[in-house]
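A.B. asks: next come a sequence and a model predicted from it.
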Amino acid sequence: MIAFTLDTATTIQLVLTVFMPILVGFITTRLTSSSVKAWLLAAATLTTSLLVAAYNAVVNGVAFDLGVALLAAIPAFAISVATHYGLWKPTGVADKAQSVLVTDKDTQVS
């Protein structure tokens, strides 16, 4: 017998992980250093991982496992970086995201 199940919390985390680089693009500018963007992405994926693990613990009535949450943040960060360089940057979405909310002073018209 074969079973195919998807954990709701894990699925939500994977979907959020794919779109996390766009969120970082919304809150940074083109002039923001890539190291700051990487740290923001790491913090966002860590926060998402912790929140999903907490949600999973509450819904299932089990203890919150910090080790699992921290371990889940590592592949989440790797997936975020991979989708940034493999999908969002080549398609131009990453550049457009940085132009939506925050603009550089050089690009503003007087």
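C.D. replies: Perfect, I can see it now.
A.B. asks: average pLDDT across whichever strand or helix holds Ser80?
C.D. replies: When secondary structure is defined using DSSP states H and E, the element that contains Ser80 is helix 66-83. Averaged over helix 66-83, pLDDT sits at 95.
A.B. asks: contact partners of it?
C.D. replies: Counting by CB atoms under 8 Å, 6 or more residues apart in numbering, the neighbours of helix 66-83 from elsewhere in the structure are 13-14, 17-18, 20-21, 38, 41-42, 44-46, 48-50, 52-54. Backbone N, C-alpha and C define where each C-beta goes, glycine included.
A.B. asks: now the buried members of those residues.
C.D. replies: Members of the contacts of helix 66-83 that pass the buried threshold by neighbour count (16 or more other CB atoms under 10 Å) are listed as 13-14, 17-18, 20-21, 41-42, 44-46, 48-50, 52-53.
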